[in-house]
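S.K.: Pasted the sequence and its predicted model underneath.
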Amino acid sequence: MKTACRHSVAALALLWCAHAWAAPYPTEEQLRTAIGKITGILKSEGLELEILDARKEGVTQPLMAAGLSLSSGVCLIFFNTEPEDGLIQFFDAIDQEDLPVMLNALAVHEASHCVEQREAYVRKRFGKVLPPDFRSDNVTIQGYLSVVKSGALVNWGEALADIASVLYLKRAVPGRWAHFSNRIAAMRHDLAWKWPEHDTSAWLHPIIAADIGEAANQSLFETAFQLRRRFRPGK
């Protein structure tokens with residue numbers, strides 16, 4: 001009986017240890033810190049950053065969301081601490097010490113949306129932001145907006161953002177960038193049942209395998225724009 005008890009206690013201890021190092025769902029402080037860390041990257045693009053609580057602002061997207069304020073030119077990044085099925089399991093598999101790096105990369109993902117929106121709505125570079133099979137001649141902001149609202153560009157936009165995340169990881173953690181990048185690619189693929197238009201793994205896997213980083217004398221985002229076209233699935 002004593003032996004059985006000892007085994008039970010040992011099993012409970014092992015179970016506790018197995019979860020002790022797993023990252024819990026990100027807190028407000030962790031999300032704010034991660035988003036704040038990319039302030040410099042946005043400033044290099046000439047963009048200011050504002051961090052907002054998604055639930056207080058009526059934004060429902062899980063974890064993070066972003067948009068460019070056309071009136072102020074500020075990149076608005078929203079955080080959401082409400083746990084989301086699928087993302088719960090994703091973060092549960094990440095070591096606590098790795099969480100800040102992953103959250104920083106996800107914040108870069110959101111910043112990419114602001115950069116792309118500026119290219120479209122402010123600079124009107126539709127040939128740059130539209131897929132090659134979309135004619136960009138004589139496109140207007142209203143025309144572009146109608147395509148966006150149709151949902152036809154969701155996967156295209158997510159690809160840019162995830163590629164930027166991979167490029168950031170290669171810069172920030174050169175010794176482990178592939179490990180983090182493959183986690184993002186796996187998460188996108190595994191959660192395709194829930195968010196099919198966010199599955200960018202067809203872009204990410206070949207880019208990771210090619211071991212590509214930022215181009216010389218070029219911003220992280222500019223390289224992402226080019227890689228999105230170069231590694232377009234089915235090209």
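M.R.: Great, that's in hand.

S.K.: in the chain, which spans are strands?
M.R.: With DSSP state E as the criterion, the chain has strands at 48-53, 63-68, 74-80.

S.K.: angle of the second one against strand 74-80?
M.R.: Between the axes of strand 63-68 and strand 74-80, defined by axes from the mean of the first three to the mean of the last three Cα atoms, to 10 degrees, the angle is 160 degrees.

S.K.: what are the pairing partners of strand 63-68, and which direction each?
M.R.: In the sheet, strand 63-68 lines up against strand 74-80 (antiparallel) (DSSP bridges).

S.K.: between the strand it pairs with and strand 48-53, what angle do the directions make?
M.R.: Using the same axes, to 10 degrees: strand 74-80 against strand 48-53 is 20 degrees.

S.K.: so which of the strands of the chain gets nearest residue 164?
M.R.: strand 63-68 (11.8 Å; Cβ to Cβ). For glycine as for every other residue, the C-beta is placed from the backbone atoms N, C-alpha and C.

S.K.: Put the alpha carbons of the closest one into PDB.
M.R.: Extracted C-alpha coordinates of strand 63-68, given in PDB (Å, rounded to 0.1, in the frame of the first residue of the first chain):
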ATOM      1  CA  LEU A  63      -5.100  37.000 -29.500                       C
ATOM      2  CA  MET A  64      -4.100  39.900 -31.800                       C
ATOM      3  CA  ALA A  65      -5.500  41.900 -34.600                       C
ATOM      4  CA  ALA A  66      -4.400  45.100 -36.400                       C
ATOM      5  CA  GLY A  67      -5.400  47.800 -38.700                       C
ATOM      6  CA  LEU A  68      -4.100  51.100 -40.000                       C
END
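
S.K.: quick one: buried residues of that strand?
M.R.: Applying a neighbour-count criterion of 16 or more other Cβ atoms under 10 Å, one finds 63-66, 68 buried in strand 63-68.

S.K.: what's the answer for stretch 84-92, then?
M.R.: Neighbour-count burial for stretch 84-92, counted by 16+ other Cβ under 10 Å, picks out 84, 87, 90-91.

S.K.: which residues of the protein fall in helices?
M.R.: Listed in chain order, the helices of the chain (DSSP state H) span 2-20, 28-36, 39-43, 54-57, 87-92, 99-117, 126-129, 141-150, 154-172, 177-190, 201-210, 220-230.

S.K.: out of those helices, which comes closest to residue 76?
M.R.: Closest approach to residue 76 among the helices of the chain (Cβ to Cβ): helix 99-117, 7.7 Å.

S.K.: Please compute how far that closest one lies from its chain's middle.
M.R.: 5 Å (Cα atoms, centre = their mean, to the nearest Å).

S.K.: List the residues that contact residue 72.
M.R.: Residue 72 makes contact with residue 48 under the criterion Cβ atoms under 8 Å, 6 or more residues apart in numbering.

S.K.: now residue 149
M.R.: Residue 149 neighbours (Cβ under 8 Å, 6+ apart): none.

S.K.: roughly how far apart are it and residue 216?
M.R.: Going from residue 149 to residue 216 by Cβ to Cβ, to the nearest Å gives 37 Å.

S.K.: before we move on, back to that, same list, the helices of the chain, but as CSV with mean pLDDT and distance to residue 77 please.
M.R.: What follows is the helices of the chain, written out as CSV (pLDDT from 0 to 100; distance: least, Cβ to Cβ, whole Å):
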stretch, mean pLDDT, distance to residue 77
helix 2-20, 37, 30
helix 28-36, 98, 5
helix 39-43, 97, 9
helix 54-57, 97, 9
helix 87-92, 96, 17
helix 99-117, 98, 5
helix 126-129, 96, 19
helix 141-150, 95, 19
helix 154-172, 97, 12
helix 177-190, 98, 18
helix 201-210, 97, 22
helix 220-230, 97, 15
